[in-house]
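Colleague: Based on what follows, work out the 3D shape:
(2 chains)
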Amino acid sequence: MNAGRLLRNWTLRLGLLTALALAAGLVPGWLRPTAVVPPAPAGPLTPVTAAAAPLAAPTACTGAFVTHTLPHTTTARTPIPHQFETNGAGVAIEDLDDDGRLDVVLANVAGPATLLWNQGALNFSPQSLPDRNARAVNSVDVDGDGRVDIVFTHSLAGLTFWRNTPPAQAGGRPTFVRQPLRNVHKPAMAMAWGDLNGDGALDVVAGSYDAELNLLGNDFLFSDGAGVYYYEQQGEAFQPHRLSAQSQALAVSLFDVTGDRRPEILVGNDFHTPDMAWQRADGGWQTITPFATTSHSTMNLAWGDIDNSGRPALFATDMRPFATTDARTWAAWLPLIASMRPVSEKDPQQMRNALQVPDAAGRYVNESLRRGLDATGWSWSGKFGDLDNDGWLDLYVVNGMIDADLLGYLPGAELVEPNQAFRNAGGGAFLPAPEWGLGSLASGRGLSLADLDNDGDLDAVVNNLGSPAQLFENRVCGGAGLEVDLRWPASANTRAIGARLVLRTSAGLLTRDVLVSSGYLSSDPARVHFGFPAGTAVHGLEVRWPDGAQTRLADDPRLAAGAWLTLTR
Amino acid sequence: MHAQPPPPLKARLDIPILTLLHPREYTPLVLAAALAGVVVGSLGVHWLGWPFWSAVAAVLIVLLVPGVFKWRADQRRYGAAAMGVSFLLVAQGFHTVEHISQWVQYHLLGWEARESVGLLSPANSEWVHFIWNWIVVLIVAALVARGFRNGWAWALLVWALAHTFEHTYMFVRYLLVLQELGSLGVAGVTAQGLPGIFGQDGWLARSAAICGPFLSRLPGLTTANRLDVHFWWNTGELALLLLAAHTYLRAALPAARAATPAP
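Modeller: Predicted structure coming up:
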């Protein structure tokens, strides 16, 4: 048989095999159609009053972000941080004084926290908040009084609750008074707030970072330990439910992983402790394993509807060098990798970011490698947001590491890596976007995305370790924005945390959730941002409130680009 | 008009590559060398504590003796180009066995990638692969210059060049990383085994302008690990070599036989 005939025969056989594989559905995910999610069953319709205000027009478009330094530096007890102080601290953004401008709270490891009052035009007035040794910070209306409070975690101690107290005089600023969160006393590094039992009051899940607690020695060993607790808010107190006796929690997320429209509890653990997940079952919570593979040292959990399918994907960060074509990067990483406990390639925990994308059957597939998001450096926070207002959620990841013990061979014991921004080119195809100017070399930890200048696009605030916090002002001017605030004064969940909004536009359906706790040690405002290309027609908005009730706005002239809508139920 | 009778069965089964590679009068020597190599290797492993790769190396070194006789005979019988093809087929065949054994260790036996080093683990170094692949390119180029020319041969040359380019990229980067580690005062950390152009963490996976959403979605191109990437590099190289050799030898062997005076 000659070579030509041989080739023809094999071509035929390969063709037949391919056809069989296609028929059997053995094709890779990228060939399959996007998952189609059935529409939500119609719940009871609930009326709202809608108020609209115009967003400011974007100014000075540059196609990039402009960096501003904020008057706060997260510090450790030593000039070069040791051990777990290297984990840094988070940032929270929310409108704390109800003036329509989003304020910023920056936690601090060794020093006091800083509250930055937004005075407009990206001018901030700093105020020190004497909460030290803090790690995570969330701004959330804990007590349902309509005012946004502040909660910190401390890793070696319990949560601290700073209650928003109205100003003595009209027009003044609120003050924050530290008050106990009754029965919330276990040490916790990470937390997430949400209404988990459907009673309207916000509950909290908190996870400890046992590696740091173990440094306490016998004080910790002979105590009752910590782990993961679900604190159920019942009136004036919280009822603790212990979900796990141990954890190395750096992230907690209340994400509907099962698609049953009720949040599950996800905990991202550092080191070799597997990530954890619980689903509400009769009489309590049962563990589930929703993901075949996860990140190994999970630092961050954040979700977003990256392909506008209505089914959000979940992103977790880990440590893996990004600039692998650069010899200097490898030289910085290789001694570190050599000192680490080797992780098997067969281990379900892989030392790379994880992007859990639901398939048509609702099963999650880790697609971080395929979508080029597996490596972003020593990554901490990573969040989705439509940074260029094109209707697709982009991704911003902050990274870097300083550790006197681990990185002593590097100048300043610092692994310097630029933060990574990825533009969603459509359908969840991410491309690095260095042109946005978000590649700060500071050692970033906490991150929050929010529209701080009310101009319809998302800005970013990063709480760095050892250098001033940064605000990245969005001047990309990619399209148009529309923002929605939900108010639910009749409920203790006054900001409707956990609601889902679907914007019907000529560019497709845009699904966004009302979040508070998200990412790494941080929280985002409850205000929902939609971006879409200029010229897009907005046909309607559907709101699925946390209790299942629905609100529909259709062909409402207030639903338009550049609008800031407040819906009060 | 009469139909042409079919060729005899022996002619139909005549595969020129096997004809070329057949050890003929050296068959007993090859078998004896293989046996001797296995004995020496086994004794080395059991009595002298050699690592397994040393035993494999011993077998290959002993087999080199009949190999040299065989290739000289090939040159006399078929000419220099055929001898080069014969050498390349044997050498690349053994090299592919190494990659197949790595693949079996990793995928079928479930070993770790760092443990799936095939039969000759020390050969899994940047230096050895860099030099080996350049040798292959030079031999193929020399053979093409001496008449080993057909479509498959040209494709083989391009493929081998591309493969060697990736190894050169990895080799240069390896030296640069060593230099950087030296400047940091770090010693005793290996810089071998880093990704190349293709596969996960490779140049293509990090080159958005070239990679883009399309290329990055082609299975394996930016996601395969280094072991798989180089398994496929070598599989492609061997496949092209077999096709090129078959096409070339189908004409070259009869011509050489015809040119050889009858004894």
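Colleague: Return the distance of stretch B:20-27 from the chain's centre.
Modeller: Between the centre of stretch B:20-27 and the centre of its chain there are 20 Å (Cα atoms, centre = their mean, to the nearest Å).
Colleague: Could you list the buried residues of that stretch?
Modeller: Neighbour counts using 16 or more other Cβ atoms under 10 Å in any protein chain shown place B:20-21, B:26 of stretch B:20-27 among the buried residues. Where you see a C-beta, it was placed from the backbone N, CA and C, and this is true even at glycine.
Colleague: cool, stretch A:165-173 as well?
Modeller: Of the residues in stretch A:165-173, A:Arg173 count as buried by neighbour count, 16+ other Cβ under 10 Å.
Colleague: Can you get me the start-to-end distance on that stretch?
Modeller: Separation of the first and last residues of stretch A:165-173 by Cα to Cα, to the nearest Å is 9 Å.
Colleague: For that stretch, give the mean pLDDT please.
Modeller: The pLDDT scores in stretch A:165-173 average 87.
Colleague: chain center to that stretch, what's the gap?
Modeller: Distance of stretch A:165-173 from its chain centroid, counting by Cα atoms, centre = their mean, is 32 Å.
Colleague: and if you look at stretch A:173-191?
Modeller: 21 Å.
Colleague: Likewise for stretch A:120-131?
Modeller: Distance, stretch centre to chain centre, for stretch A:120-131: 23 Å (Cα atoms, centre = their mean).
Colleague: quick one: buried residues of it?
Modeller: Neighbour count says stretch A:120-131 has A:122, A:124, A:127, A:129, A:131 buried, by 16+ other Cβ under 10 Å.
Colleague: can you check stretch A:557-569 too?
Modeller: Of all the residues in stretch A:557-569, those buried under the rule 16+ other Cβ under 10 Å are A:559, A:561, A:563-567, A:569.
Colleague: Stretch A:482-499 now?
Modeller: For stretch A:482-499, by 16+ other Cβ under 10 Å, it's A:482-488, A:491-499.
Colleague: So what's the residue count around residue 87?
Modeller: No chain in the question, so chain A it is. By other Cβ atoms under 10 Å in any protein chain shown, the residues close to A:Asn87 number 26.
Colleague: wrong one, chain B
Modeller: 18.
Colleague: and the stretch 151-263 of chain B, which of its residues are near chain A?
Modeller: Within reach of chain A by Cβ under 8 Å from any Cβ of the partner chain, the stretch 151-263 of chain B has these residues: B:152, B:173, B:176-177, B:179-181, B:183-186, B:189-191, B:194-195, B:200-203, B:205-208, B:211-213, B:216-217, B:219, B:222-223, B:225, B:243, B:246-247, B:250.
Colleague: Just the buried ones out of those residues, please.
Modeller: Listed as buried from these are B:152, B:173, B:176-177, B:180-181, B:184, B:186, B:189, B:191, B:194-195, B:200-203, B:205-208, B:211, B:213, B:216-217, B:222-223, B:225, B:243, B:246-247, B:250; burial here means 16+ other Cβ under 10 Å.
Colleague: Low-confidence stretches in the stretch 1-150 of chain B?
Modeller: B:1-13, B:121-124 (pLDDT under 70).
Colleague: Any figure for the gap between A:Arg445 and chain B?
Modeller: Using Cβ to the nearest Cβ, to the nearest Å, A:Arg445 is found at 24 Å from chain B.
Colleague: Check which helix or strand that residue maps to.
Modeller: strand A:444-450 (DSSP states H and E).
Colleague: Within the sheet, what are the partner strands of the helix or strand following that strand, with directions?
Modeller: Per DSSP H and E, the first helix or strand lying C-terminal to strand A:444-450 is strand A:459-464. Partners of strand A:459-464 in the sheet, by DSSP bridges, are strand A:444-450 (antiparallel), strand A:468-475 (antiparallel).
Colleague: thinking again about what came up before, tell me which of the buried residues of stretch B:20-27 is nearest to chain A?
Modeller: Chain A lies nearest to B:Leu20 out of the buried residues of stretch B:20-27, by Cβ to the nearest Cβ, at 15.3 Å.
Colleague: State the distance from the closest one to B:Leu88.
Modeller: Using Cβ to Cβ, to the nearest Å, we find B:Leu20 at a distance of 11 Å from B:Leu88.
Colleague: and for the two, which residues touch both?
Modeller: Common contacts of B:Leu20 and B:Leu88 (Cβ atoms under 8 Å, 6 or more residues apart in numbering or on different chains): B:Ala245.
Colleague: For A:Gly466, give its distance to A:Ala107.
Modeller: A:Gly466 is 14 Å from A:Ala107, by Cβ to Cβ.
Colleague: So which of the two has more stuff around it?
Modeller: Set A:Gly466 next to A:Ala107 and count neighbours by other Cβ under 10 Å: A:Ala107 wins out with 33 against 21.
Colleague: Is the more buried one in contact with A:Asn138, as I believe?
Modeller: No - if you go by Cβ atoms under 8 Å, A:Ala107 and A:Asn138 don't touch, sitting 9.8 Å apart.
Colleague: Which neighbours do the two have in common?
Modeller: Residues touching both A:Ala107 and A:Asn138 (Cβ under 8 Å, 6+ apart): A:Ala92.
Colleague: And the strand holding A:Arg445, what's buried?
Modeller: A:444-450.
Colleague: need the residues of chain A near chain B, please.
Modeller: Chain A has residues A:2-3, A:6-7, A:28, A:30, A:320-325, A:327-328, A:330-332, A:334-335, A:338, A:342, A:344-346, A:369-372, A:374-375, A:409-410, A:425, A:429-432 near chain B, with proximity defined as Cβ under 8 Å from any Cβ.
Colleague: I'd like to know how many residues surround A:Leu465.
Modeller: Neighbour count for A:Leu465, taken as other Cβ under 10 Å: 27.
Colleague: what about the spatially closest residue to it that is not a sequence neighbour, distance to B:Phe231?
Modeller: Distances taken as Cβ to Cβ, 6 or more residues apart in numbering or on different chains put A:Gly88 closest to A:Leu465, at 3.8 Å, once the chain neighbours are dropped. From A:Gly88 across to B:Phe231, the span is 42 Å (Cβ to Cβ).
Colleague: Of these two, which one has the most company?
Modeller: Neighbour totals were compared for A:Gly88 and B:Phe231, and A:Gly88 leads with 30 against 20 (other Cβ under 10 Å).
Colleague: just the buried members of the residues of chain A next to chain B?
Modeller: Buried subset of the residues of chain A next to chain B (neighbour count, 16+ other Cβ under 10 Å): A:3, A:30, A:320-325, A:327-328, A:330-332, A:334-335, A:345, A:369-372, A:374-375, A:410, A:425, A:429-432.
Colleague: and A:Gly194, what is it in contact with?
Modeller: By Cβ under 8 Å, 6+ apart, the contact list for A:Gly194 reads A:202-203, A:205, A:254, A:263, A:497-498, A:516-517.
Colleague: Spell out which residues make up each domain of the chain.
Modeller: Defaulting to chain A. Chain A breaks down by the TED database into domains covering A:52-481, A:482-568.
Colleague: try chain B instead
Modeller: Annotated domains of chain B cover B:16-78, B:82-187+B:226-253 [automatic domain parsing].
Colleague: is the first one anywhere near chain A?
Modeller: Right, the one you point to is domain B:16-78. No - applying Cβ under 8 Å from any Cβ, one finds domain B:16-78 separated from chain A by no less than 10.7 Å.
Colleague: ok now that domain, how far from the chain's centre?
Modeller: Centroid separation between domain B:16-78 and its chain, computed with Cα atoms, centre = their mean, is 17 Å.
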